[in-house]
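In: have a look at this prediction, sequence included:
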Amino acid sequence: MSVLKRVGARWMTVFTLAWLAIWTVQLTPVQLLLPLQLNTSDDDWISGVVSSGFVLGIGGLAGIIAGPVAGALSDRAGIGRRRRRPWAIGGAILTAVFLVVTGFSEGPWAVGGAWVGVTIGVAVSSAAFTALIADQLPATQRGAASAAVGSSQAVGIVLGVGLVVLLGLGIRDGYLLLAALIAVIGTGAALILPDPPAPVEPAPVAQASVMNDRRLLASFRDRDFAWMLWGRLVTNIGNALGTALFLFFLLHGLHQESVVAQDNLLLLIVVYTLFVVLASVLTGIVSDRTGNRRTLTILATLVQAASGVVIAVVPTFEATMIAAALMGLGYGAFSTVGLAFAADLLPDEKDHARDLGIVNVTAALGQLIGPVLGAGLVALVGGFWLVFVAAAVLSLVGGALTALARQPARPSQDRDLSQDHAQPQEP
């Protein structure tokens, strides 16, 4: 196994821009465009919530299938072929095409079908870019790269929602803007970031042995990797419950007018983003220096749980602002350190993209289950309080499951690299 060398600022900058584009085009529709597209009258507002849950649910299902499949196929690229770049470019183009289709669609079924194409494209490109963390970075830089992924998620929401709201764009124009963004930045980043050709297998005997042991679900036999996955899944469901229905909560829970609700949604997202970025950067640095990612991940789930409690107990806009800050702190730390923790626990270096694709599935599956579960809870009680209580409980359960995964010892080569003060190498 070769020692991975530290990358420089150029690599990190391009990698961050790629994720900024991915999160912007994925989460702007989830937070703003799809709810506006599917919203119904005040007399029948619950049906709009249910339709939104349905669309996000089928999109999430498509994503959890597409991500690992694309990752596994890129892992098995032919000798001398590029493994990640073709999938990153293909996913970006597919996403752009179906964003345009979604913008021109009407009704839950048509919008849902088009949104499936968007989520497949996002899952494919995400699997390719995520694999670069394990492919090209030593353990001492994985926290920083994961911080870029986590902070880009929050900044992407602000960027997308801010552009649509402040520029006064309609639903269709909003989708067209997002399509152009991912087509240009996603493709450009994939071309700039290095993608070494697939290596030659060391020996026929070793190759046969590895292939015999690389069944699709082989990673789930690793105890720590499996517990980490369950913890991420449950925590992501809790996060999706707490965030996916925010616009509906402002419209029908706090009874705000549509224009006021859109402005307040942007304000909440800005607060959320500031704390996500703060938590992502700080916890990424701390986890790289200490190597103790499990403890930080568990603490993050506790903070996320607190946000749901605040809204459930005090359902006002002011309390919602406080909850948004807590959610940002918790999820920013969780998404950053949790992803680095997952990269540390990868069972087989030959299946990086496949296994990190499975890790990404936990977020996609959370986006599937969360909105559907949330819509059902709203329909059950005719309000939103149970949604936020469930979000808090699931966050706590996710932390407990994560605690069952053991923190791996940092390899000596990575400890040596963390103490190397030589100039970082640019790609």
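Out: Great, that's in hand. Numbers count the residues shown, from 1 in each chain.

In: quick one, strands of the stretch 201-350 of the chain?
Out: Secondary structure of the stretch 201-350 of the chain by DSSP state E, counting those that start in this stretch: no strands are present.

In: low-confidence bits of it, can you list those?
Out: Within the stretch 201-350 of the chain, the segments meeting pLDDT under 70 span 201-220, 348-350.

In: could you pull out the helices in it for me?
Out: Assigned by DSSP state H, counting those that start in this stretch, the stretch 201-350 of the chain shows helices spanning 204-212, 223-243, 246-248, 258-290, 293-313, 317-344.

In: as JSON lines, the ones you listed with distance to Val164 and mean neighbour count would be great.
Out: All C-beta atoms are positioned from the backbone trio N, CA, C, and that covers glycine. Listed next are the helices of the stretch 201-350 of the chain as JSON lines, based on distance: least, C-beta to C-beta, whole Å; neighbours: other C-beta atoms under 10 Å:
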{"stretch": "helix 204-212", "distance to Val164": "48", "mean neighbour count": "11"}
{"stretch": "helix 223-243", "distance to Val164": "17", "mean neighbour count": "24"}
{"stretch": "helix 246-248", "distance to Val164": "12", "mean neighbour count": "24"}
{"stretch": "helix 258-290", "distance to Val164": "9", "mean neighbour count": "20"}
{"stretch": "helix 293-313", "distance to Val164": "24", "mean neighbour count": "23"}
{"stretch": "helix 317-344", "distance to Val164": "19", "mean neighbour count": "25"}
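
In: so which of those is nearest Leu178?
Out: Shortest distance between Leu178 and the helices of the stretch 201-350 of the chain, using C-beta to C-beta, is found for helix 258-290: 15.6 Å.

In: tell me what angle that closest one forms with helix 223-243.
Out: Calculated by axes from the mean of the first three to the mean of the last three C-alpha atoms, to 10 degrees, helix 258-290 forms an angle of 160 degrees with helix 223-243.

In: and helix 258-290, what does it pack onto?
Out: Judged by 3 or more C-beta pairs under 8 Å, 6 or more residues apart in numbering; DSSP states H and E, the packing partners of helix 258-290 are helix 139-166, helix 246-248, helix 293-313, helix 317-344.

In: can you put those in CSV and add distance to Glu257?
Out: Conversion of the helices and strands packed on helix 258-290 to CSV gives the following (distance: least, C-beta to C-beta, whole Å):
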stretch, distance to Glu257
helix 139-166, 14
helix 246-248, 12
helix 293-313, 20
helix 317-344, 13
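
In: how about the ones you listed, which one is nearest Leu274?
Out: Among these, the nearest to Leu274 by C-beta to C-beta is helix 317-344 (6.8 Å).
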